[in-house]
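Enquirer: Below are the sequence and a predicted model for it; my questions follow.
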Amino acid sequence: MKAAIREGRGAGKGRDIATRLQEFRKDLRADYERCIVDLRSATDSDDAAERACARAADILRHLSAEIRDVEAALERVRVGQYGLCVDCGRPISASRLRAVRTARRCMRCQVGAERKVG
């Protein structure tokens, strides 16, 4: 099966997607770096500072996961598989990709994967 980007969308569309993903990755990395700086500057030893550090650590984990998702989406663009479900191989809807730029699965497969997890 040909990649979704190649099916009527053209190579230019793939470059546009890659550019948007790269910009998103850049923003995420900047947020990550700001969070690191904020975390390092928290020198108070009271409960509020401890809670702030715990929250910053949670934010860093979230940003790291998002950066990994963007990297994986960029790899799918590179190999011509962006926009195709990694489970069933069918195209992921454009509306889903607009909502979740890094979507790996179509909605049907995503719902199935979430049911398996919990």
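Expert: Good, I have the coordinates. Numbers count the residues shown, from 1 in each chain.
Enquirer: All the helices of this structure, in order from the start?
Expert: Along the chain, counting by DSSP state H, helices occupy 10-41, 47-78, 94-99, 107-117.
Enquirer: These: lowest mean pLDDT?
Expert: Note on those: lowest mean pLDDT is at helix 10-41, with a mean of 79.
Enquirer: Output the contacting helices and strands for it.
Expert: Judged by 3 or more C-beta pairs under 8 Å, 6 or more residues apart in numbering; DSSP states H and E, the packing partners of helix 10-41 are helix 47-78. All C-beta atoms are positioned from the backbone trio N, CA, C, and that covers glycine.
Enquirer: At the geometric centre of the chain, which residue do we find?
Expert: By C-alpha atoms, centre = their mean, the mean C-alpha position of the chain lies nearest to residue 69, the distance being 3.5 Å.
Enquirer: Around the residue lying closest to that one once chain neighbours are set aside, how many other residues sit close by?
Expert: Closest residue to residue 69 apart from its sequence neighbours, by C-beta to C-beta, 6 or more residues apart in numbering: residue 102 at 4.0 Å. Counted with other C-beta atoms under 10 Å, the neighbours of residue 102 add up to 18.
Enquirer: What are the phi and psi values at residue 102?
Expert: Here is the backbone geometry of residue 102 (degrees, to the nearest 10): phi -100, psi 20.
Enquirer: In contact with it: list those residues for me.
Expert: By C-beta atoms under 8 Å, 6 or more residues apart in numbering, the residues touching residue 102 are 21, 66, 69-70, 72-73.
Enquirer: What's the local residue count around residue 77?
Expert: Residues near residue 77, counting by other C-beta under 10 Å: 23.
Enquirer: Surely it touches residue 21?
Expert: Yes. Judged on C-beta atoms under 8 Å, residue 77 makes contact with residue 21 at a distance of 6.8 Å.
Enquirer: what sits in contact with each of those two?
Expert: In contact with both residue 77 and residue 21: no residue, using C-beta under 8 Å, 6+ apart.
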